[in-house]
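Visitor: One predicted model, sequence on top.
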Amino acid sequence: MKFYIATDHAAYRIKSSVIEMLQDLGCEVVDLGPQNSDRVDYPDYAHKLCKEVLRDVGSFGILICGTGIGMSLAANKHEGIRAALCHDAYTAQMAREHNDANVLCFGERVVGLGVIESIIDTFVKSDFEGGRHTQRVQKIEEID
Ligand code: RB5
């Protein structure tokens, strides 16, 4: 699985740990920044990442800010992006199995590293179930 990852300043300090978690699971990771903890605007990084995920068919994204809310709001403005704000392994599992999420968002100020590890592990190991969920996801796409 290939992931693009980006944060804002609020989540910059945990980015390297998340990259390590993904690599330990055998994932390829592309770090889209930022490369220091200077203040940035989260939509800039959400838009940068979504463009890459849409261009690189089959890839996934991880966006982290203080709450995960701003990143998910910005990401979901992109047609074809299904960004899910997850707080635990259960929401991460449902995001993949039911919603076919291609971008995972969470908040550095909301979840600790242990929970983040379970979110990442579950998201990577879960697949879209299809079936009855396919038409529901299609109906989201029809809004675009
Ligand atoms: C930055 O202070 C904070 O607003 C941002 O990280 C995020 O939580 C926005 O949704």
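Guide: Happy to help now that I have it.
Visitor: Find the residue at the geometric middle of the chain.
Guide: residue 104 (2.1 Å; CA atoms, centre = their mean).
Visitor: Before we go further, that one is sitting in a strand, right?
Guide: Yes. Assessed with DSSP: H, G, I helix; E, B strand; the rest coil, residue 104 lies in a strand.
Visitor: quick one: contacts for it?
Guide: Contact analysis of residue 104 by CB atoms under 8 Å, 6 or more residues apart in numbering lists 60-63, 83-84, 86, 92, 95, 119-120, 123. Bear in mind the C-beta positions are built from the backbone N, C-alpha and C, glycine included.
Visitor: just residue 50 next, same as before
Guide: For residue 50, the contact set (CB under 8 Å, 6+ apart) comprises 61, 75, 78, 81, 83, 103.
Visitor: farthest pair in the residues you listed?
Guide: Greatest spatial distance among the contacts of residue 50 (CB to CB): 61 and 78, at 10.1 Å.
Visitor: who has more neighbours, the two?
Guide: More crowded of residue 61 and residue 78, by other CB atoms under 10 Å: residue 61, with 27 against 18.
Visitor: Then that one would be within a strand, right?
Guide: Yes. Counting by three-state DSSP, residue 61 is part of a strand.
Visitor: any idea of the pLDDT on it?
Guide: Turning to residue 61, the model gives it a pLDDT of 99.
Visitor: List the beta-bridge partners for it.
Guide: Residue 61 has these beta-bridge partners by DSSP bridges: residue 4, residue 103.
Visitor: Which residue ranges of this protein form strands?
Guide: 2-7, 28-31, 60-65, 83-85, 103-107 (DSSP state E).
Visitor: And the third one, what does it pack against?
Guide: Read it as strand 60-65. strand 2-7, helix 12-24, helix 42-55, helix 69-75, strand 103-107 (3 or more CB pairs under 8 Å, 6 or more residues apart in numbering; DSSP states H and E).
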